[in-house]
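Q: Got a sequence here, can you build the structure:
(4 chains)
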Number of protein chains: 2
Amino acid sequence: MGTHYNGSKKVMRALDSYIKLMRAADTINSAVNLSLSKFGLTESQFNVLDALYHLGPLSQKELGYKLLKSGGNITMVIDNLEKDAYVERRRGTEDRRIFFVHLTKEGGEKLEEILPMKVNFITNEMNRLNKTEQIELQRLCKKIGIRKQ
Amino acid sequence: MGTHYNGSKKVMRALDSYIKLMRAADTINSAVNLSLSKFGLTESQFNVLDALYHLGPLSQKELGYKLLKSGGNITMVIDNLEKDAYVERRRGTEDRRIFFVHLTKEGGEKLEEILPMKVNFITNEMNRLNKTEQIELQRLCKKIGIRKQ
DNA sequence: GTTAAATATTTTAATATTGAACTATTAGCG
DNA sequence: CGCTAATAGTTCAATATTAAAATATTTAAC
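A: Below is the predicted model of the structure:
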């Protein structure tokens, strides 16, 4: 390899930081998703149920905005959740373009079945770091993820 | 995570750490992927080219292992890269079950076109943290992502 | 040495994901 | 009012992703 990417120490360090950050996020995330799949939910489905549970009925537009997903994606995820009767679409009365997505009783129960497990799992994973370390990790991550507020 | 699991401070802290970690990884990742898409590559495609560039020809199995992806997924990604003539499959001579994936001239050029941009981008993003902070971030992330390295 | 077990890859069936084109409805402007 | 813009959602065509079943080849065991 030429001199191009031997780069300075600064560059090497940044790349190393990047890789380790991604790997850490990936490790926890795939483990969480694996657990979710045992309950028959995908990550996206869980996120929708979670949002509806804590925020109440939302339009598909609002869901997409909050979960950072495209409109087409939300349509698909809601379709699949509706198949399982975890949510239902209710056409807006004021503006008939809008579908409000409501959590059903089953959807709420499903979420309540899963939430403690997820909380527990994440707690265990993150507690590989002690209090001081976690506070520092939060500070550093905030510096990086800041633009998303 | 909801107010229903107010739990101990320990739990709250872990959840907060988790969210900030994910957000940081997400912020950088979506920005990197957006840049990649302008070059007509997906993240997975880039990762394959990058691995082949730096490690030389690899079997699909090895690629899956290094990139943490399933066999079926690697088949698909290689198919698409092969369509664009960025890689080619060569059947193993010793063991004819194996396909070794080789970077083509075009594939190498494509990577060299993109790499500086990516390195530069990541360097800028990560250098929001100074040297000490990055070393600490790496240490913390390694503790979390440890099972995968 | 032939058969069974292991391994590498492919295929298949779901779901996810995006951007672009399309449909339906509403809002705005003259 | 009637036409046009904008908006909400759906559909479509790619690609990604996994797990599980299928195929091909090699290794191991008897």
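
Q: how about the helix or strand of chain A with the lowest mean pLDDT, does it get close to chain B?
A: Counting by mean pLDDT, DSSP states H and E, chain A has its least confident helix or strand at helix A:9-38, which shows a mean of 89. Yes: against chain B, helix A:9-38 shows contacts by C-beta under 8 Å from any C-beta of the partner chain at A:10-11, A:13-18, A:20-30. Using the backbone N, CA and C atoms, a C-beta is placed for each residue, glycine as well.

Q: Repeat that for stretch A:106-123.
A: Yes: judged by C-beta under 8 Å from any C-beta, stretch A:106-123 comes into contact with chain B through A:115, A:116, A:118, A:119, A:122, A:123.

Q: Find the helix or strand that the last one is a member of.
A: Secondary structure assigned from DSSP states H and E places residue A:123 in helix A:105-126.

Q: Do the very next helix or strand once past that helix and chain B come into contact?
A: Next along the chain after helix A:105-126, taking DSSP H and E as the criterion, comes helix A:131-145. Yes: Helix A:131-145 reaches chain B (C-beta under 8 Å from any C-beta) through A:131, A:133-138, A:140-145.

Q: Quick check on those residues: which are buried?
A: A:133, A:134, A:136, A:137, A:138, A:140, A:141, A:143, A:144, A:145 (16 or more other C-beta atoms under 10 Å in any protein chain shown).

Q: List just the nearest of these to residue A:89.
A: residue A:145 (32.6 Å; C-beta to C-beta).

Q: so what's the residue minimising distance to the centre of chain A up against?
A: With distances taken as C-alpha atoms, centre = their mean, residue A:47 lies nearest the centre of chain A, 5.8 Å away. Contacts of residue A:47 were listed using C-beta atoms under 8 Å, 6 or more residues apart in numbering or on different chains, and they are residue A:67.

Q: That one: what secondary structure?
A: Using DSSP: H, G, I helix; E, B strand; the rest coil, the structure places residue A:47 in helix.
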